[in-house]
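Trainee: here are the coordinates; sequence isn't available:
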């Protein structure tokens, strides 16, 4: 498999880690869209949110637990946004389940107005 996020999780490609445990890795996005922009991924390869099953769904709950922990550590007391893009029409650029955690500024809505 030639998955960039699997390679990052395995340590084959360097990243700026902000959190890691046995199941999850969080690292800074290379093209930040907010003052704080972290990607949170399961280490297990799950292609997208459309591939979440009863057998692998616990990692999604764990990802949100990690996001809550990181919010405090990253100074996001006023709030943050979690984004998941799913599939081609959802603009998913890497076929590995991942969540963008964005914060450090007031977010607008809709997030992609005019695009």
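Mentor: Sure, I can see it. Since this is a predicted model, take the numbers as computed values, not measurements.

Trainee: end to end, how far does stretch 4-20 reach?
Mentor: Start-to-end span of stretch 4-20 (Cα to Cα, to the nearest Å) is 17 Å.

Trainee: now do stretch 78-89
Mentor: 31 Å.

Trainee: and it, which residues are buried?
Mentor: 80, 85 (16 or more other Cβ atoms under 10 Å). C-betas here are computed from N, CA, C, even on glycine.

Trainee: Now do that stretch, average pLDDT.
Mentor: Averaged over stretch 78-89, pLDDT sits at 95.

Trainee: One more: stretch 36-50?
Mentor: 97.

Trainee: Could I get the buried residue list for that stretch?
Mentor: 36-43, 45-46, 48-49.

Trainee: Return the subset of these lying in strands.
Mentor: 36-42 (DSSP state E).

Trainee: So residue 5 belongs to a strand, correct?
Mentor: No - looking at residue 5 with DSSP: H, G, I helix; E, B strand; the rest coil, it is helix, so not inside a strand.

Trainee: Between strand 36-42 and the longest helix seen in the chain, find me the angle.
Mentor: For the chain, the longest helix by residue count, based on DSSP state H, is helix 58-73. Counting by axes from the mean of the first three to the mean of the last three Cα atoms, to 10 degrees, helix 58-73 lies at 160 degrees to strand 36-42.

Trainee: measure the nearest residue to residue 69 once chain neighbours are set aside to residue 66 for me?
Mentor: Distances taken as Cβ to Cβ, 6 or more residues apart in numbering put residue 19 closest to residue 69, at 7.3 Å, once the chain neighbours are dropped. Residue 19 sits 6 Å away from residue 66 when distances are taken as Cβ to Cβ, to the nearest Å.

Trainee: One more: residue 104?
Mentor: 18 Å.

Trainee: just residue 97 next, same as before
Mentor: 14 Å.

Trainee: Between those two, tell me which one has more neighbours.
Mentor: residue 97 (25 against 22; other Cβ atoms under 10 Å).
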